[in-house]
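Participant: When you get a sec, could you give me coordinates for this:
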Amino acid sequence: MALTPSTMLLPLGTPAPEFRLPDTNGRWVSLADFPGAAAYLVMFLCNHCPYVKHIRSALAEFAREYQKRGVAIVGINSNDIERYPEDSPERMKEEVRTAGYTFPYLFDETQEVAKAYRAACTPDFFLFDRNRKLVYRGQFDDSRPGNGVPVTGRDLRAALDAVLEGRPVPTDQKPSMGCNIKWKPGNEPDYYK
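Facilitator: This is a model prediction of the structure:
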């Protein structure tokens, strides 16, 4: 496991990169499937990363809460499943069930969506307003495995609440930290170190 920070390279105000990816039931999902959403949250996740496992129950609860408030939420797994079979679509389906995810969990087999978002780690969060303009990219909160800080979702919650209440989202944003996205050999993006 390589501790990797979010790149924070996607500039605030950027339109949400489009995608169309399969979920764990084989249904193709895109942001256009959520017309009129109050906000759009795109999360890069995987099944095996200890940083995702650390927040997963709080993340599932967080998602349920904000979906009820009109937020469109998707999780995307972009990991190389040949080298990391625990992140395969079959195992993603199990993860949805055991974690209690109510959002579509999508598989980015080509890794092109992760590159379009400049995603680097799991978890990595990208929040867009109702016009699909990026207003937040950063951490869930300050909690990390072993640091003793409770998992609250404080940073992402503050950003989402600001969007839903029509207030500006603070631009002082802390990068997420987690496992690096497991790039296919030869498919590493130019921003990967």
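Participant: C-alpha only now, for contacts and for neighbours.
Facilitator: Will do.
Participant: so residue 124 makes contact with residue 136?
Facilitator: No. Residue 124 is beyond contact range of residue 136, at 10.9 Å (criterion: C-alpha atoms under 8 Å).
Participant: more crowded one of these two?
Facilitator: residue 124 (32 against 28; other C-alpha atoms under 10 Å).
Participant: show me the contacts for the residue nearest to the more buried one when sequence neighbours are not counted.
Facilitator: In this structure, residue 124 finds its nearest non-sequential neighbour in residue 44, 5.0 Å apart by C-alpha to C-alpha, 6 or more residues apart in numbering. By C-alpha atoms under 8 Å, 6 or more residues apart in numbering, the contact list for residue 44 reads 75-78, 114, 119, 121-125.
Participant: So what touches stretch 141-155?
Facilitator: By C-alpha under 8 Å, 6+ apart, the residues outside stretch 141-155 that reach it are 50-51, 54-55, 58-59, 62, 139-140, 156.
Participant: Now, of the residues you listed, which are buried?
Facilitator: Neighbour counting with 16 or more other C-alpha atoms under 10 Å marks 50-51, 55, 58-59, 62, 139-140, 156 as buried within the contacts of stretch 141-155.
Participant: which is the next helix or strand following the helix or strand of the chain with the lowest mean pLDDT?
Facilitator: One helix or strand of the chain scores below all others by mean pLDDT, DSSP states H and E: strand 3-5, with a mean of 88. Sequence order places strand 21-22 as the next helix or strand after strand 3-5, per DSSP states H and E.
Participant: Paired strands for that next one, with orientation please.
Facilitator: Strand 21-22 pairs in its sheet with strand 28-29 (antiparallel), by DSSP bridges.
Participant: Run through the protein and note the low-pLDDT ranges.
Facilitator: Applying pLDDT under 70 to the chain picks out residues 1-2, 193.
Participant: at 90 instead, please
Facilitator: 1-3, 170-172, 191-193 (pLDDT under 90).
Participant: Okay, strands next: where are they in it?
Facilitator: Secondary structure of the chain (DSSP state E): strands at 3-5, 21-22, 28-29, 39-44, 71-77, 105-107, 121-122, 124-129, 134-138, 177-180.
Participant: Go through those and pick out the most buried.
Facilitator: Most buried of the strands of the chain, by mean neighbour count (mean count of other C-alpha atoms under 10 Å): strand 121-122, with a mean of 30.
Participant: Geometrically speaking, which residue is the centre of this protein?
Facilitator: The centre of the chain sits closest to residue 43, judged by C-alpha atoms, centre = their mean, with a distance of 1.0 Å.
Participant: from what I can see it touches residue 124, true?
Facilitator: Yes. Using C-alpha under 8 Å, residue 43 makes contact with residue 124 at a distance of 5.7 Å.
Participant: how near is the nearest residue to residue 111 once chain neighbours are set aside to residue 13?
Facilitator: What sits nearest to residue 111 in space, not counting adjacent residues and going by C-alpha to C-alpha, 6+ apart, is residue 78, at 5.3 Å. In this view, residue 78 and residue 13 are 24 Å apart by C-alpha to C-alpha, to the nearest Å.
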